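> please work out how this folds:
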Amino acid sequence: MLDNINPQNIQDVEGGRKIAVRLLNVVEGLQQEGEQLRAENQRLRDEVNRLKGEQGKPEVKGNKKTKNISSEKERKSMKPRKLKSKRTKRKRQSELKVDQEKTLRIDEGELPADAEFKGYEAVVVQDIEIKPEVTRFKREKYYSPSEQRSYVAPLPKGYVGQFGPKLKALVLMQYYSSGMSEPKIIDFVEQMGINLSPGTVSDWISKPSEEWLAEADEIVRVGLASTSWQHIDDTGTRVDGVNHYCHILCNPFYTAYATRRHKNRLTVIAVLQNSEQPVYLYNEQTQEWLKQFGVPKWTWELIGKWPQNELLTDEQARQLLAGELSARLNSQQQARILEAGALTAYYAQDRYPVIPILVSDDAPQFANLAQSQMLCWIHEGRHYKKLTPRIAYHRTIWQQVQTEFWAYYHKLQAYRSNPDLVQAAQLRTEFDTLFGQTTDYDALNQRLAATLARKAKLLVVLDHPAVPLHNNPAELGARQRVRKRDVSFGPRTQHGRVAWDTFMTIAETAKKLGVSFYHYVLDHFSQTHALPKLPDIIRSHSPPTSAGF
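Numbering: from 1, shown residues only. I've put the predicted structure just below:
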């Protein structure tokens, strides 16, 4: 960078300014590189000490907080100020069901002689009573000598084994909705006078019935059809000590969880069909995907000899790939062939709605999974937040661009409330001006160029104003899984993995729809069927799916 700098050639102020800008960026880079080298040197010293049987440098946290790369503070601080409104309670007292009414009287001896009765002053008090309910059912029993069989009166609906539906619903609510661990649940019920074994609790929380599995699947199908956009994200988790990924798929009406071993595109395609493994379909459409993925053209003829227009399992597709193609192609090219077949099958099926717009970050596995991909502006803002300019001049430029970034973001938010074609054209022009600028801070210029390259995906909202600008709903869904993971670490079996996904899908969807998870599960176990099914509620609340003008 400094080879073409010659102070003798500086003839004017502008030339000197350009040299100063270049030198400041060199210093910026050297300072950053120096910090990275010092940190790496310390790590190597610590490792040498550990190999010698000694201890490394102790990690003592400073008084100052570490840098927060979350963009929530900047995003909210740029919002237009609104008049403060009184905070509303979760549930108004007028909406509460009063179970009993008691009249409280004043001791007449405490009243003066001229006291006059003026009616009553009502006070609504909420309380709760938790106590064991042990019932001995005396079941009539008859024996028929002619038929040589006994007749026994059946238990009431919902009673199976030694425990009733209320206790089962309470355990599931505490584990999946309240985030309690198995030992704490057992401790709680024992404190209430119930004898409950760990094995029984484990069975309840890790072995969902076919009915629960079917309902979770229907939630996914109905949820995918309920809006024209879907949020998607993933977070790390473990199953029996092995690393997995929990995929979160959601919109305003539901949240679905799917834990899988990987997070590649094949896995995500399977998740969108609520399947453990993708299926594959090869036909003329597959060649379009192969062409887009840059797979060598000579492979098309070989793939054309595979079974055409016939659904293949993952094992069958990999067996076909294991021949000549695997010997001549690298692993990435082989993966593209599988992805082409999986995408062909995904877009050809009609059981699960194909997503019109997918809101996500820019991870490669999310590409080509929807008709349009809307990138999250909050994720984009974090890239700018991660920049750490050391020079004051660069910090000033960086702060100014961040201010302009969030000002533009809120213009997009305002546009969503009242969209029109003229404003959309203006916002496209402003995007080019903001992210096409060149500053005196080189690292920032690289970030601006990267945002400019994502223009089409960041401005999907201009054609579809109903689509959110951020992926926060999926991140909030992931946060619930992280909290659950922190408390219970992770499922210990594959059955437990399915149970976690099933019940968390139902619990989080119920919360979004304003349904008590406890009462919903109790309604299921007691077989009263008084509450509507969650998929039916989603259908009734879903607006038209069009998101454009």
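
> all the helices of the stretch 301-450 of the chain, residue numbers only.
Ranges of helices within the stretch 301-450 of the chain are 314-321, 324-328, 331-348, 377-385, 392-417, 421-435, 442-453, based on DSSP state H, counting those that start in this stretch.

> so which of these is nearest Pro132?
Nearest to Pro132 among the helices of the stretch 301-450 of the chain is helix 377-385 (47.9 Å), distances taken as C-beta to C-beta. The way it works is simple: take the backbone N, C-alpha and C, and place the C-beta from them, glycine included.

> helices or strands next to the closest one in the packing?
Here helix 377-385 touches helix 72-77, helix 392-417, helix 442-453, going by 3 or more C-beta pairs under 8 Å, 6 or more residues apart in numbering; DSSP states H and E.

> lowest-confidence helix or strand of this protein?
Ranked by mean pLDDT, DSSP states H and E, the weakest helix or strand in the chain is helix 72-77, scoring a mean of 63.

> could I get the helices of the stretch 301-450 of the chain as a markdown table with mean pLDDT?
A markdown table is the format used below for the helices of the stretch 301-450 of the chain (pLDDT from 0 to 100):
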| stretch | mean pLDDT |
| --- | --- |
| helix 314-321 | 94 |
| helix 324-328 | 88 |
| helix 331-348 | 95 |
| helix 377-385 | 94 |
| helix 392-417 | 94 |
| helix 421-435 | 96 |
| helix 442-453 | 95 |
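
> re the thing from before, name the residues that touch the helix or strand following the least confident helix or strand of the chain?
Later in the chain than helix 72-77, the nearest helix or strand by DSSP states H and E is strand 141-144. With contact meaning C-beta atoms under 8 Å, 6 or more residues apart in numbering, strand 141-144 is reached by Arg149, Ser150, Tyr151, Val152, Ala153.

> ok, now with 6 Å
Residues from elsewhere that reach strand 141-144 (C-beta atoms under 6 Å, 6 or more residues apart in numbering): Ser150, Tyr151, Val152.

> next one: stretch 195-202
The contact list for stretch 195-202 (C-beta under 6 Å, 6+ apart) reads Val171, Glu182, Ile186, Val189.

> confirm the third one sits in a helix?
Think Ile186. Yes: Ile186: assigned to a helix according to DSSP: H, G, I helix; E, B strand; the rest coil.

> can you read off the pLDDT for it?
Ile186 carries a pLDDT value of 94.

> tell me who's in contact with it.
Counting by C-beta under 6 Å, 6+ apart, Ile186 makes contact with Leu196.

> the second one too?
Neighbouring residues of Glu182 by C-beta under 6 Å, 6+ apart: Val201.

> now do it, the pLDDT please.
Listed pLDDT for Glu182 reads 94.

> where are the low-confidence patches of the stretch 51-200 of the chain?
Flagging of the stretch 51-200 of the chain using pLDDT under 70 yields the residue ranges 52, 55-91, 93.

> please parse this protein into its domains.
Listed domain ranges for the chain are 226-368+471-507, 377-462 (source: automatic domain parsing).

> end to end, how far does the longest one reach?
In this case it means domain 226-368+471-507. Distance between the two ends of domain 226-368+471-507: 18 Å, counting by C-alpha to C-alpha, to the nearest Å.

> then the last one?
Across its full length, domain 377-462 reaches 13 Å between end residues, using C-alpha to C-alpha.

> and for stretch 300-314?
Start-to-end span of stretch 300-314 (C-alpha to C-alpha) is 19 Å.

> give me the element Leu37 is part of.
In this structure, Leu37 sits in helix 13-51 according to DSSP H and E.

> now that helix against helix 442-453, angle please.
Orientation check (axes from the mean of the first three to the mean of the last three C-alpha atoms, to 10 degrees): helix 13-51 against helix 442-453 gives 90 degrees.

> could you export the domains of the chain as CSV, including distance to Glu28 and mean neighbour count?
Rendered in CSV, the data for the domains of the chain read as follows (distance: least, C-beta to C-beta, whole Å; neighbours: other C-beta atoms under 10 Å):
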stretch, distance to Glu28, mean neighbour count
domain 226-368+471-507, 26, 19
domain 377-462, 6, 16
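
> reformat those domains into TSV and put distance to Leu23 next to each item.
Output for these, formatted as TSV (distance: least, C-beta to C-beta, whole Å):
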stretch	distance to Leu23
domain 226-368+471-507	33
domain 377-462	10
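
> the ones you listed: which one's closest to Ala39?
Shortest distance between Ala39 and the domains of the chain, using C-beta to C-beta, is found for domain 377-462: 13.1 Å.

> what about the closest one, distance to the chain center?
25 Å (C-alpha atoms, centre = their mean, to the nearest Å).

> likewise stretch 534-545?
Relative to the mean C-alpha coordinate of its chain, stretch 534-545 is positioned 20 Å out (C-alpha atoms, centre = their mean).

> figure out which of the helices and strands packed on helix 377-385 is closest to Pro468.
With C-beta to C-beta as the measure, helix 392-417 is the member of these nearest Pro468 (8.3 Å).

> other SSEs contacting the closest one?
Contacts defined by 3 or more C-beta pairs under 6 Å, 6 or more residues apart in numbering; DSSP states H and E place helix 392-417 against helix 421-435.

> and the helix it packs on, what does it pack onto?
Counting contacts by 3+ C-beta pairs under 6 Å, 6+ apart, helix 421-435 packs against helix 392-417, helix 442-453.

> let's have those in JSON lines, adding distance to Glu508.
Conversion of the helices and strands packed on helix 421-435 to JSON lines gives the following (distance: least, C-beta to C-beta, whole Å):
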{"stretch": "helix 392-417", "distance to Glu508": "25"}
{"stretch": "helix 442-453", "distance to Glu508": "32"}
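
> and those helices: which comes nearest Leu476?
Evaluated over those, closeness to Leu476 peaks at helix 392-417, with 18.5 Å, by C-beta to C-beta.

> quick one: the helices in the stretch 151-300 of the chain?
For the stretch 151-300 of the chain, the helices defined by DSSP H, counting those that start in this stretch occupy 165-172, 182-191, 198-206, 210-226, 265-271, 284-292, 298-303.

> make CSV out of those and add distance to Gln400.
Shown next, in CSV, are the helices of the stretch 151-300 of the chain (distance: least, C-beta to C-beta, whole Å):
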stretch, distance to Gln400
helix 165-172, 52
helix 182-191, 51
helix 198-206, 53
helix 210-226, 41
helix 265-271, 38
helix 284-292, 39
helix 298-303, 51
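
> out of those, flag the one nearest Arg45.
Nearest to Arg45 among the helices of the stretch 151-300 of the chain is helix 265-271; the distance by C-beta to C-beta comes to 40.0 Å.

> can you give me how far that closest one is from the chain middle?
From the chain centre to the centre of helix 265-271 is a distance of 15 Å (C-alpha atoms, centre = their mean).

> identify whichever of the helices and strands packed on helix 421-435 lies nearest to Asn471.
Asn471 lies closest to helix 392-417 among the helices and strands packed on helix 421-435, at 13.8 Å (C-beta to C-beta).

> nearest the middle, which residue of this structure would you pick?
Geometric centre of the chain, nearest residue: Ala474, 2.8 Å, by C-alpha atoms, centre = their mean.

> tell me who's in contact with Leu358.
Taking C-beta under 6 Å, 6+ apart as the contact definition, Leu358 lies against Gln230, Leu369, Ala370, Gln373.

> now, which of those residues sits nearest Leu531?
Lowest distance from Leu531 to the contacts of Leu358 (C-beta to C-beta) belongs to Gln230, with 25.9 Å.
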